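In: Fold the stuff below for me.
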Amino acid sequence: MNAFNIGDLIRHWTMGKGNNRGYGIILEIMPTKIKCLWIVDGTSTWMHSKYLRLIAKGQNGKSS
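Out: You can find the predicted model right below:
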């Protein structure tokens with residue numbers, strides 16, 4: 001089971017300070033990677049879940 005859902009607020013976490021992308025929103029989930037939209041620069045990238053930390057749960061892609 002994956003701890004993440006579409007729409008969750010996450011933070012990129014690495015050991016080095018130079019590679020940190022900051023906060024993002026999960027856009028898509030595949031078996032091995034998660035697509036995130038980064039708030040600081042508006043880019044989207046695929047990341048492995050071990051580099052992400054959950055900050056707040058979203059609505060699992062559903063409209064409010």
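In: Distance check, Phe4 against Lys50.
Out: 12 Å (C-beta to C-beta, to the nearest Å). For glycine as for every other residue, the C-beta is placed from the backbone atoms N, C-alpha and C.
In: which of these two has more neighbours?
Out: Neighbour count, other C-beta atoms under 10 Å: between Phe4 and Lys50, Phe4 has more, with 16 against 7.
In: For the nearest residue to Thr43 once chain neighbours are set aside, grab the count of nearby residues.
Out: Distances taken as C-beta to C-beta, 6 or more residues apart in numbering put Leu37 closest to Thr43, at 7.6 Å, once the chain neighbours are dropped. Neighbourhood size, Leu37 [other C-beta under 10 Å]: 14.
In: what's the following helix or strand after the helix or strand containing Leu37?
Out: Using DSSP states H and E, Leu37 maps to strand 34-38. Past strand 34-38, further along toward the C-terminus, the next helix or strand under DSSP H and E is strand 44-47.
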